[in-house]
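Visitor: From the sequence below, what's the structure:
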Amino acid sequence: MGIVGIRTAILVVAGLAWCGSVLAGGWEERVFNVEHFGARGDGLTDSTEAFVHAWTAACGARGASASLLVPAAKSFLVGPTKFRGPCAATRITVQVMGTITALPASAWDRQNYWLMFHQVDGLTVTGSGGVLDGRGETWWSNRCRNGDSLVLMNCTNLELSHFSSKNSPQMHIAVIQSSKVNVTQLTITAPGDSPNTDGVHIDRSEDVHITGLTIGTGDDCISIGPGSRFVNIDGIICGPGHGVSVGSLGRHGAMESVEHIDVRNVHFINTMNGARIKTWQGGRGYAKSISFTNINFTNVENPVIIDQFYVDRGVVPNAGAVALSNITYTNLKGTSSRKTAVDFDCSDSGSCRDISVSSVLITASDGRGTEARCRNAQGKTSGYVYPRIPCLS
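Guide: Now for the predicted structure:
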């Protein structure tokens, strides 16, 4: 075989592992199909190794962009996997067109995550019709130490869109120590009694935008953890679940901070909580500049709640708490399943200040009246506010 023939053979072999598509600019995006690396979409064969090899090839591909493709109409069985960066391409996309199904709990090796993307800049995870199936039912009954389904750690310029996540062992999506994050148009589901199955958890991250999600789980629809700032949540349907929660903050006396959180246009349906802020006694630090705007409640157990009385063992009651300030509630309406529709339960240390409540109408689901309960909260109301909040001027 001549030199030209050898080169042709090499290109043919390489072409088996990837395919390209010519874009408008004239350059070619490399698309790496997991099946070309040995993945079997039969829902029975462990394809973990094939996914790792496909990711290694896609992440190492040079150019403006590269993609890892999970084909439609197939189910791929994958165990706990870390997809490591940084990658060579400016933008790397994971196209989840089919279903990725987790191995059952018995096959995990004490990992606290299922799929993790670590230190990947310019990552998009998307896919019309794509599903992440965490098979959490294999964990929940035994109360195992569950793992989170999809973890994004130390990533920047991150986008998650147009796929579904169901039955996570624990949290469905955890965004950790990441920035410039856009999460949009996702459907996240788990039974209402499934433990710790938060929809989206934000931890030590900033510049996060969450829009257009439909979430029904056994825990918080969205939880915002310590070290998070500039988080915008807009257009969410939540239920069942425990609401949108800022916290919990300050456990084991930790010094923690959260600031500039904007939650708007959320509809809570048959949830345990609605707009919630929760901290631990003995904690330190602050949570400030938090707003809830245009919120609807349908048969919610605790529509508006601040709870500063989570207690660790050995902590002296009223030992101080994370300081809350500049908390704003505007245009809240709907129904409560309990008589107490607004509950501001703050520490004796004067840690709840500058609470502003405007335009609120929350009635009882059974047609009766509602009330507000408050302790140690300071602030003001404006416009029509029902139920009346006695501790605010």
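Visitor: Which parts of the stretch 101-250 of the chain are strands?
Guide: 113-118, 123-133, 148-153, 156-166, 173-176, 179-184, 187-189, 200-203, 206-211, 214-216, 222-224, 229-238, 244-249 (DSSP state E, counting those that start in this stretch).
Visitor: Of those, give the one that comes closest to Phe297.
Guide: Closest approach to Phe297 among the strands of the stretch 101-250 of the chain (C-beta to C-beta): strand 229-238, 10.1 Å. Bear in mind the C-beta positions are built from the backbone N, C-alpha and C, glycine included.
Visitor: Give the partner strands of that closest one in its sheet and their orientations.
Guide: Strand 229-238 pairs in its sheet with strand 206-211 (parallel), strand 214-216 (parallel), strand 255-269 (parallel), by DSSP bridges.
Visitor: what angle separates that strand from strand 244-249?
Guide: Using axes from the mean of the first three to the mean of the last three C-alpha atoms, to 10 degrees, one finds that strand 229-238 and strand 244-249 are set 130 degrees apart in direction.
Visitor: looking at the strands paired with strand 229-238, which is buried most?
Guide: strand 214-216 (a mean of 22; mean count of other C-beta atoms under 10 Å).
Visitor: ok so, going back, now distance to Ala364 and mean pLDDT too, for the strands paired with strand 229-238, in a markdown table please.
Guide: What follows is the strands paired with strand 229-238, written out as a markdown table (distance: least, C-beta to C-beta, whole Å; pLDDT from 0 to 100):
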| stretch | distance to Ala364 | mean pLDDT |
| --- | --- | --- |
| strand 206-211 | 30 | 98 |
| strand 214-216 | 23 | 98 |
| strand 255-269 | 15 | 98 |
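Visitor: just to revisit the earlier point, the strands of the stretch 101-250 of the chain into JSON lines, with extra columns for distance to Gly283?
Guide: Converted to JSON lines, the strands of the stretch 101-250 of the chain look like this (distance: least, C-beta to C-beta, whole Å):
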{"stretch": "strand 113-118", "distance to Gly283": "26"}
{"stretch": "strand 123-133", "distance to Gly283": "33"}
{"stretch": "strand 148-153", "distance to Gly283": "23"}
{"stretch": "strand 156-166", "distance to Gly283": "29"}
{"stretch": "strand 173-176", "distance to Gly283": "20"}
{"stretch": "strand 179-184", "distance to Gly283": "25"}
{"stretch": "strand 187-189", "distance to Gly283": "29"}
{"stretch": "strand 200-203", "distance to Gly283": "16"}
{"stretch": "strand 206-211", "distance to Gly283": "21"}
{"stretch": "strand 214-216", "distance to Gly283": "27"}
{"stretch": "strand 222-224", "distance to Gly283": "15"}
{"stretch": "strand 229-238", "distance to Gly283": "17"}
{"stretch": "strand 244-249", "distance to Gly283": "6"}
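Visitor: Quick one: closest of these to Ser356.
Guide: Of all the strands of the stretch 101-250 of the chain, it is strand 244-249 that lies closest to Ser356, at 15.8 Å by C-beta to C-beta.
Visitor: coming back round to it: among the strands paired with strand 229-238, which is nearest Gly282?
Guide: Of all those, strand 255-269 comes closest under C-beta to C-beta, at 11.1 Å.
Visitor: For Asn196, give me the pLDDT.
Guide: pLDDT for Asn196: 93.
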